[in-house]
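S.K.: Any chance you can model this:
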Amino acid sequence: MPVRMCMVCRKRREKNELIRAVTKDNEVIADKSGKLQCRGFYLCPECLGEIQKKRVFERVLKHSVSPEVYKRFTDEVKGIEQQS
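M.R.: Here you go, the predicted model:
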């Protein structure tokens, strides 16, 4: 399994242990399939609560992001995890 790095804690883990997020049309969405053809980055499930504090989306998108975007993303990821 390929190894990827979390954008928050910088720990390296196997790809299937991380959450993949992509930037599409200047928005951040969770990539359920892991195969969307967009610029992607990875997050640990444990680091999900710290993405706003560490301003991860601002670093990726290179502009300011509202708190609602972080909330929508975390809700989306939690919904995916509950379905699995």
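
S.K.: helices and strands of this structure: which one bottoms out on pLDDT?
M.R.: Within the chain, no helix or strand scores below helix 67-83, which has a mean of 87 by mean pLDDT, DSSP states H and E.

S.K.: Check which helices and strands that one sits against.
M.R.: Here helix 67-83 touches strand 27-30, helix 56-61, going by 3 or more C-beta pairs under 8 Å, 6 or more residues apart in numbering; DSSP states H and E. C-beta here means a position set from N, CA and C on the backbone, and glycine is covered the same way.

S.K.: Can you name the residues in contact with that helix?
M.R.: Contacts to helix 67-83, defined as C-beta atoms under 8 Å, 6 or more residues apart in numbering, come from residues 19, 21, 27-30, 32, 45, 48-49, 51-52, 57.

S.K.: how about a cut-off of 6 Å?
M.R.: The contact list for helix 67-83, computed with C-beta atoms under 6 Å, 6 or more residues apart in numbering, reads Ile19, Val28, Ala30, Lys32, Leu48, Gln52.
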